[in-house]
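>>> predicted structure and sequence below. I'll ask about it afterward.
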Protein chains: 2
Amino acid sequence: MKNTSAWEEKAKLLRKWSLVSTTAAGSGHPTSCLSAADLTAVLFDKYFTYDVSNPLNIYNDRFVLSKGHAAPLLYALFGMCNAYDLNELKTLRKLNSRFEGHPVPKYKYAEAATGSLGQGLSVGAGLALAAKRENLPFTTYVLCGDGELAEGQVWEAANFASYHRLNNLITILDINRLAQSGETMFGHHMNEYEQRFRAFNFRVFTIDGHNYEQIDQAFEQAHSHAGQQPVAIIARTEKGKGVSFIENKDGWHGKALKEDELKKALDELGPVNDNARFDLRKPATTTLAGDNPPVNTTIKLDFDNAKSYATREVFGEALAQLIPHTPNMYVLDADVKNSTFTEDALKVTPERFIECFIAEQNMVSVGAGLSRIGKIPIVATFGAFFMRAADQIRMARISEANIKFVGSHVGVSIGEDGPSQMALEDIAFFGALPDTVVLQPCEAVSTASLIPQMVKHNGIVYMRTLRPKTKLLYKPGEEFKIGGSKIVRQSNDDLLTVAATGITVYEALQAADLLKQENINIRVVDCYSVSPVDRDTLLDCLNSTRMKCIVSVEDHFAHGGLGDFITAAVSGEGDYVEKMAVTKISQSGKQEELLKDAGIDSSSIVAKVKQLVKSYESVHAHA
Amino acid sequence: MKNTSAWEEKAKLLRKWSLVSTTAAGSGHPTSCLSAADLTAVLFDKYFTYDVSNPLNIYNDRFVLSKGHAAPLLYALFGMCNAYDLNELKTLRKLNSRFEGHPVPKYKYAEAATGSLGQGLSVGAGLALAAKRENLPFTTYVLCGDGELAEGQVWEAANFASYHRLNNLITILDINRLAQSGETMFGHHMNEYEQRFRAFNFRVFTIDGHNYEQIDQAFEQAHSHAGQQPVAIIARTEKGKGVSFIENKDGWHGKALKEDELKKALDELGPVNDNARFDLRKPATTTLAGDNPPVNTTIKLDFDNAKSYATREVFGEALAQLIPHTPNMYVLDADVKNSTFTEDALKVTPERFIECFIAEQNMVSVGAGLSRIGKIPIVATFGAFFMRAADQIRMARISEANIKFVGSHVGVSIGEDGPSQMALEDIAFFGALPDTVVLQPCEAVSTASLIPQMVKHNGIVYMRTLRPKTKLLYKPGEEFKIGGSKIVRQSNDDLLTVAATGITVYEALQAADLLKQENINIRVVDCYSVSPVDRDTLLDCLNSTRMKCIVSVEDHFAHGGLGDFITAAVSGEGDYVEKMAVTKISQSGKQEELLKDAGIDSSSIVAKVKQLVKSYESVHAHA
């Protein structure tokens, strides 16, 4: 209670900088900052424990700004913690400033890139879960807007938080009534939020978000950690609070004040103490999230030459070998652990297995939270269902998260379950994100070799695994690497090259056998690294085959797949790449039937090669 | 009450065919069918109004199978309505059968393709909303599993249904406790579901899903339409109900019985009346959803040559002209109507404007529901945020839905808001889906011309619109078409072609001006149709320019964009396509700064062209 005037002073300075920085930028969301200024002033002044010189200290409390458009408030908050000079906020939204329109990783105090709404509670849940599992004493705070509560992911996260008993997670809901283009679904009907969060088993405190005593009391009670429930502080606020002509007014979302309006607003705010600062308590201990134990890369799997293995099974076995000796690894499942074979990891290290149930969006953003605190999350589901979390994956990439995605059941080769379960656009999506690695080994030996490398690689890796079992192609000890490939068939007189990946490697080999009977020799390359693709080997194949032609064959849609990666890699070298891929929606059927139906089976490859040879010969007969 | 034994008989036949068909297929989810057999037997026997000879009759009740893996139950239900011979179910999951592993459009009685979970309630809400808005008297029933209730989209749909007062929507929750890889989050704790659906303002009935009297009573009360709330019938069921050795047993998800197990199961079921059938009431009126009024294609927009226009604004104006005269059009917004300019449509036809708030997943699946009933939904948000609904768009494509997606704020050219708001992987994703059309006009005249064509086109179209204003390039009356392009700069002595789309058309034109000063002539093509791309024109450009080279320039990531479409189109023609695109995560800044930073501005194009010319000349000097 005694702090009320100090809080008012500090909130006023937060307001000032939210207004000043956005006016300097000429754009931004000042009104969305003003509604949360009082809430965050109390939080930072009295409760938040943090070492600003070590944002990666794993003992720091965490503040996740889910409503990312209130970035200027975030920047003002840490500026008032002496993390940097507040005057630097005048570079807001300018090229090369760390103060971007929405938080990104070059701003070291952001727990995640936000700006696509409704993801912060999941990120916070990931942080809180890590704390819970590893007995780290920090508290995670998530500031959410009301508009974003319409996103289903928030309710996935709410279920997750209460199921996992995250009583170290406090979400602050800034219910300012107004969204971008009008009133939110529920306006200021606070009961609508209360009843939902109660139903999702949160401990709920409903307050006036501009009443310092109520705010303080709510945080005080939230920290009592009574019971095992996560906390929601539901705060009724006014958008634009503190400046009469924008307060609770429609039409002011995402608008900076003009210079004259700013002057008027600052006049209204009245005298401000520009030296008001938060004097944060530091955690007693310092361990940086970057100080990771090394990844165990020595796994030993023996395969029987007479047997076939599904690469998804091999993934599970490799995981089970790696995880006990790689303490930062976590495995996340969306209720398909018996299909992706992450259940193998559950058996050996249940303490680092996270069941996310059928909620892929939350799973991915929980992974982003874990990554922030130095963990290596292995996120696995059917490849098709990563599309459910495409936006979260996009944001994880912007966050520079270190996540490994493993998608099983890719392509038409899954068979009878039909098109809803087939990943056929996954390479296009993952491959479009800059610097992501896309792998698709076709058999056991290469899979076992690539998995430790995938875990070790810093950044986003996507691995496609296969549902059907496949024969061994390689011997123990052969080397595989990100960016590599293997020539699995060649002669001294190859006409052209077939570049395949995953299941189509076998179709290509079978096609090579059939073509050989007709005295047509082809080279076959296993492009287990789809991106980066092995440019050197492919160029060499182009130049050392008679027709200087590569035929790519893949169990993926034609646009955005392996074929496009190869074309881009060899472009400008007098190349000719012919793409074979899936060009229609598939159906139910047997694996071989569907490969044939899609035109990517051995007989289709034979026909394509013969057609290319014929047209080559007709041209060169005249030469 | 009197029907109990008849219901039991019919449920038994549903169970028999669920078991028989999956055993014949050798795969499938019989236990997931058995838990819902009693619920659906009562529904179809007493409540469901439907004309099986006209599945597209807009007066039919609707049955959406959200838990798509229970497809055999759906197939048995309509078989028992004499829609086809039940023996045809033995073709389940076989190539070219209409009875796929999960429902797809070739099965005419499916309201949508399902199989990616948690989408059915949204599809049903779309159907129910159309009924509500157009006074159609049908009821929409949605059968959901319990596992899929973890998907956030379900809660987006629940908010949507209660907000829009869809008291004509009845969702039946089959709470059978067991998901794929274990127990669901809540098992048989019925209160967890009750409290959530109550909190989301549903009228809730909790029943024993195998007690016919309770089922009947729940439907009876649900149909009273008391109040304006949607209904949730929460039914406690047993997975595998009716067969002791699979009933409520873990490890039986997605497993067909072996022949001997089937025999044992059928013995347990006891005598079955194979002639039991549902005698459905038909609706009194028949109007087929396919009987659509024509699309108005004559819009008239005048543009002032001296002014600039953002294509997103032109989209809004065109929409406002089209919609009053095209009665099947609906417009869906996710709280960005003042940015996408769908607010223009809201002003003229509020009765066909649907505010979905910030919940893109539900918005897309509501669109799929509307499409099923013959509507043409225009679904608009920021291009980046369509990634939030990528899985729903994927399923809409499998459903053969007729949806127009309009994504604004594409590329780095949006400026200060930063990477979270930039669509840069959207072409890769939409373009991968077979037969989707991707358009990106760069200015007002072409936008106005393409919008009616987009609306008229049957199938999925994605249009990218620009945030910044751009100058007019075309005169009124010029023709634009899906699959077309425009040469906007050419000479008799062009060295190469720059193919641009959207904002980069202006960069390419500026580059052409700069290069001309150095006596380098280039051709510039506006690829406003990204897919299909204008192969003929591009081939002609290749062959009539000296260097036979195309440089593609786009405000999109390098993989999966325009460049890959062009490369695929001209492949094999001695072509050489050089891609210029965004290759890193962008940042905040001014439009021109960010285009330059991404290497896709006029100066970057000039540098690239000069480099290509230099290397061409060095090769040809020696020739």
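That came in fine, so what should we check first?
>>> contacting residues for the closest residue to chain B within chain A?
Per Cβ to the nearest Cβ, the residue of chain A with the smallest distance to chain B is residue A:152, at 2.4 Å. (Glycine included, C-beta is placed from N, CA and C.) Contacts for residue A:152 were tallied using Cβ atoms under 8 Å, 6 or more residues apart in numbering or on different chains; they are A:118, A:361, B:151-156, B:359, B:361-362.
>>> want to throw those residues into TSV with pLDDT and distance to residue A:426?
As requested, the contacts of residue A:152 are exported to TSV (pLDDT from 0 to 100; distance: Cβ to Cβ, whole Å):
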residue	pLDDT	distance to residue A:426
A:118	98	23
A:361	98	16
B:151	98	19
B:152	98	21
B:153	98	20
B:154	98	24
B:155	98	26
B:156	98	24
B:359	98	24
B:361	98	18
B:362	98	23
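>>> go through these and flag which are in helices.
Secondary structure defined by DSSP state H assigns A:361, B:152-156, B:361-362 of the contacts of residue A:152 to helices.
>>> out of those, which is most surrounded?
Greatest neighbour count in the ones in helices among the contacts of residue A:152, by other Cβ atoms under 10 Å in any protein chain shown, goes to residue B:362: 34 neighbours.
>>> and that one, how far is that from residue B:355?
Per Cβ to Cβ, to the nearest Å, residue B:362 is found 12 Å from residue B:355.
>>> which parts of the stretch 501-623 of chain A sit against chain B?
Residues of the stretch 501-623 of chain A lying close to chain B by Cβ under 8 Å from any Cβ of the partner chain are A:531, A:557-561, A:563-565, A:567-568, A:571-572, A:576-579, A:582-585, A:587-590, A:593-594, A:597.
>>> ok, of those, which come out buried?
Among those, those classed as buried by 16 or more other Cβ atoms under 10 Å in any protein chain shown are A:531, A:557-561, A:563-565, A:567-568, A:571, A:576-579, A:582, A:585, A:587-590, A:593-594, A:597.
>>> from these, which ones fall inside strands?
With DSSP state E as the criterion, strands contain A:531, A:557, A:577-579, A:582 from among those.
>>> state the pair within the residues you listed that is farthest apart.
A:531 and A:578 (19.5 Å; Cβ to Cβ).
>>> once you drop chain neighbours, what's closest to residue A:546?
Leaving out its chain neighbours, the residue that sits closest to residue A:546 by Cβ to Cβ, 6 or more residues apart in numbering or on different chains is residue A:495, at 5.1 Å.
>>> same question, residue A:476
The spatially closest residue to residue A:476, leaving aside those adjacent along the chain, is residue A:445, at 6.5 Å (Cβ to Cβ, 6+ apart).
>>> do residue A:510 as well
When the adjacent residues along the chain are set aside, residue A:510 lies closest to residue A:602, with 3.8 Å between them (Cβ to Cβ, 6+ apart).
>>> OK, contacts around that neighbour?
In this structure, residue A:602 makes contact with A:507-508, A:510-511, A:514, judged by Cβ under 8 Å, 6+ apart.
>>> switch the cut-off to 10 Å
Residues in contact with residue A:602 (Cβ atoms under 10 Å, 6 or more residues apart in numbering or on different chains) are A:504, A:506-515, A:553, A:592, A:595-596.
>>> so which pair among these is furthest apart in space?
For the contacts of residue A:602, the maximum inter-member distance is 18.6 Å, found between A:515 and A:592 (Cβ to Cβ).
>>> looking at these two, which is more packed in?
When residue A:515 is set against residue A:592 and neighbours are counted by other Cβ under 10 Å, the residue ahead is residue A:515, at 20 against 15.
>>> tell me the contacts of residue A:94?
A:24-26, A:100, B:416, B:587-590, B:593.
>>> my error: substitute residue A:39 in the last question.
For residue A:39, the contact set (Cβ under 10 Å, 6+ apart) comprises A:11, A:73, A:141, A:143, A:172-174, A:207, A:209-210, A:212, A:215, A:218-219, A:233, A:235, A:237.
>>> try it again with 6 Å
A:172, A:209, A:215, A:235 (Cβ atoms under 6 Å, 6 or more residues apart in numbering or on different chains).
>>> among those, which ones are in strands?
Reading strands off the contacts of residue A:39 with DSSP E, I get A:172, A:235.
>>> now the contacts of residue A:39 in JSON lines, with distance to residue B:56?
Putting the contacts of residue A:39 into JSON lines (distance: Cβ to Cβ, whole Å) gives the following:
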{"residue": "A:172", "distance to residue B:56": "49"}
{"residue": "A:209", "distance to residue B:56": "51"}
{"residue": "A:215", "distance to residue B:56": "56"}
{"residue": "A:235", "distance to residue B:56": "49"}
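>>> among the contacts of residue A:39, which are in reach of chain B?
The residues of these that also fall near chain B, by Cβ under 6 Å from any Cβ of the partner chain, amount to none at all.
>>> now the terminal residues of stretch A:374-394, how far apart.
With Cα to Cα, to the nearest Å as the measure, the first residue of stretch A:374-394 is 19 Å from its last.
>>> ok, residues contacting the longest helix seen in chain A?
For chain A, the helix with the greatest residue count under DSSP H is helix A:4-25. Contact partners of helix A:4-25, identified using Cβ under 6 Å, 6+ apart, comprise A:28, A:30, A:33-34, A:37-38, A:41-42, A:45, A:72-73, A:76, A:86, A:89-90, A:92-93, A:212, A:242, A:256-257, A:262, A:265, A:269, A:272-273, A:276.
>>> check those residues against chain B, which are close?
Within the set of those, contact with chain B (Cβ under 6 Å from any Cβ) is found for residue A:93.
>>> now, the contacts of helix A:4-25 that are in helices?
In helices, defined here by DSSP H, the members of the contacts of helix A:4-25 are A:30, A:33-34, A:37-38, A:41-42, A:72-73, A:76, A:212, A:262, A:265, A:269.
>>> tell me the buried residues within those.
The neighbour-count test (16+ other Cβ under 10 Å) applied to these identifies A:30, A:33-34, A:37-38, A:41-42, A:72-73, A:76, A:212, A:262, A:265 as buried.
>>> is it possible to get CSV of those residues that adds distance to residue A:318 and pLDDT?
Formatted as CSV, the entries for those read as follows, by distance: Cβ to Cβ, whole Å; pLDDT from 0 to 100:
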residue, distance to residue A:318, pLDDT
A:30, 51, 98
A:33, 47, 98
A:34, 52, 98
A:37, 50, 98
A:38, 51, 98
A:41, 49, 98
A:42, 49, 98
A:72, 46, 98
A:73, 45, 98
A:76, 47, 98
A:212, 54, 98
A:262, 58, 98
A:265, 59, 98
